[in-house]
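1. Predicted model, plus sequence, below.
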Amino acid sequence: MSEAKLRESICRFGRSLFERGLTPGSSGNISLRLNDGGWLVTPTNASLGFLDPERITRLDAAGRLVSGDAPTKEIPLHAALYETRGSARAIVHLHSTHSVALTMLPEIDPKAALPPMTPYYVMRCGHTALLPYYRPGDPAVADAIRGLAGRYSSVLLSNHGPVVAGETLEAAVFATEELEETARLYLLLRGLNPRYLSPEQVADLVKVFGVELPRRDEAGCDHPDCHGGHKHGED
């Protein structure tokens, strides 16, 4: 696909996410990795609902600005996920309501923020990691992402929102939407003792659809706040 078409796809998906209320105001950002190692990324302080393809930021492989507006301040987290997740060609970061709400609950497991509630959550997101809070744009978030060693394609930033990688922009968007809907389901069913997919049903999805899930013994975050199965809110 040409760079012009890729720019248009960022704008099209961004507008769709914005119009459905999945990221308000000028929040959220999208990036695409190009064949030459450079990126296209949404600019800082830009609403995903009103992107101009000509003003999309282009960075070279070293992260230097080539053209367009100044990039989002969340470049460190995008860079770290591309660095550690070799198959990633697109990343979507939103401030979607239910995903953010999920991160504030005390019982959430940093190694698997959501249980296997639906087959499409397992197929598109696998397990989702939960990282501690960092202020937006803090370069330290990159170290936390690197601590996951590329085992997760979907990550939640506490009190902030999801960061999801995909092999295409469409795949990253669909996985982000699936994560948001699963977080919504979790909140709707919290305290009602719902029935989740069984280990055998998850194993079947893994086998049939080639889902990659981190093993529980290797799924931990290297951030000190996540050691020992720490559950946020239990300090």
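-> Structure received. Residues are numbered from 1 along each chain as shown.
2. Figure out the helix or strand that the nearest residue to Ser153 once chain neighbours are set aside lives in.
-> Beyond its immediate neighbours in the sequence, the residue positioned closest to Ser153 (CB to CB, 6 or more residues apart in numbering) is Ala165, lying 4.8 Å away. C-beta here means a position set from N, CA and C on the backbone, and glycine is covered the same way. With secondary structure defined by DSSP states H and E, Ala165 is part of strand 161-166.
3. Report the next helix or strand after that strand in sequence order.
-> If you walk from strand 161-166 toward the C-terminus, the next helix or strand you reach (DSSP H and E) is helix 169-189.
4. and the angle for that next one with strand 161-166?
-> For the pair helix 169-189 and strand 161-166, the angle between their directions (axes from the mean of the first three to the mean of the last three CA atoms, to 10 degrees) equals 140 degrees.
5. any chance you could map the helices in the chain?
-> Taking DSSP state H as the test, the helices found in the chain are 3-19, 75-84, 97-103, 119-125, 140-147, 169-189, 199-209.
6. picking that back up, got a list of what the residue nearest to Ser153 touches?
-> Listed by CB atoms under 8 Å, 6 or more residues apart in numbering, the contact set of Ala165 reads Leu81, Tyr82, Arg85, Ser87, Ala88, Ala90, Ile91, Ser153, Ser154, Ala172.
7. could you redo the last one with a cut-off of 7 Å?
-> Applying CB atoms under 7 Å, 6 or more residues apart in numbering to Ala165 gives the contacts Leu81, Arg85, Ala88, Ile91, Ser153, Ala172.
8. repeat for Leu94
-> Leu17, Leu22, Thr23, Gly28, Gly161, Pro162, Thr176.
9. For those residues, pick the one with the most neighbours.
-> Highest neighbour count within the contacts of Leu94, by other CB atoms under 10 Å: Thr176, with 31 neighbours.
10. Fine by me, we can end here.
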